[in-house]
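Participant: Just need the structure, nothing else, for what follows:
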Amino acid sequence: MSDIFWRTIAIGIGATVLMDIWAFFLHKAFGQPRPNWGPVGRWVWHLRDKVFHDDIGDAKPYAHEVALGWAFHYFVGIVYGIILVALAGAAWLAAPTFLPAFILGIVTVVAGWFLLAPGMGAGWAASKRPNPMQIRALNLVSHTVFALGLYGTALLIR
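Facilitator: The predicted structure is shown next:
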């Protein structure tokens, strides 16, 4: 049982690392802004008081918000790895297939669109940003990369 648990954690970490490599590639190749986990850390810090902000930048800063944002990013990736194995079953670890990872990867976009984005003041699915369709498309591609990371990591550690 503990072997399954540690493997699910590794799958979540591996997928999150691949997603971060993808973001780095987009930055270097196309000049996309690098993810800024500071505002996410600030949002997490303020969750005890408030979930939805008009603008997370107006919330009181937290000294360690960048570190908290990065930790939360990896925590969520690990949770998604655990959810994948819980839904697909432990047998999936022995013979991983892409479809369950892909479905979960796409479903996870919902949390960003309907919790994180409005929580930080960007509106539902980034609707308050000047380029919401571009953000949504990049989210879908990034979460597909995350799904490839779930699947690829599972293949590597089976």
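
Participant: in the longest helix along the chain, what's buried?
Facilitator: Longest helix in the chain, counting residues (DSSP state H): helix 2-30. For helix 2-30, the neighbour count (16 or more other C-beta atoms under 10 Å) marks 7-16, 18-20, 22-23, 26 as buried. Heads up, the C-betas are built off the backbone N, CA and C, glycines and all.

Participant: From these, pick the one nearest F114.
Facilitator: M19 (19.2 Å; C-beta to C-beta).

Participant: Apart from its neighbours in sequence, what residue is nearest that closest one?
Facilitator: Computed as C-beta to C-beta, 6 or more residues apart in numbering, the closest residue to M19 that is not its neighbour in sequence is F146, at 4.6 Å.

Participant: related to what we said a few turns ago, show residues contacting the next helix or strand along the chain from the longest helix of the chain.
Facilitator: The helix or strand immediately downstream of helix 2-30 is helix 37-46, counting by DSSP states H and E. Contact with helix 37-46 is made by 53, 56-57, 59-62, 64-73, 116, 119-120, as judged by C-beta atoms under 8 Å, 6 or more residues apart in numbering.

Participant: what comes into contact with the helix or strand following helix 37-46?
Facilitator: Next in sequence after helix 37-46, counting helices and strands by DSSP H and E, comes helix 65-88. Applying C-beta under 8 Å, 6+ apart, the contact partners of helix 65-88 are 4-5, 7-13, 15-16, 19, 35-42, 44-45, 62, 92-93, 100-101, 104, 108, 111, 146, 150.

Participant: Distance-wise, check L26 relative to G121.
Facilitator: 23 Å (C-beta to C-beta, to the nearest Å).

Participant: Y80 now?
Facilitator: Going from Y80 to G121 by C-beta to C-beta gives 24 Å.

Participant: Tell me which of these two has more neighbours.
Facilitator: Set Y80 next to G121 and count neighbours by other C-beta atoms under 10 Å: Y80 wins out with 24 against 18.

Participant: Check the more buried one and give its pLDDT.
Facilitator: In the predicted model, Y80 carries a pLDDT score of 98.
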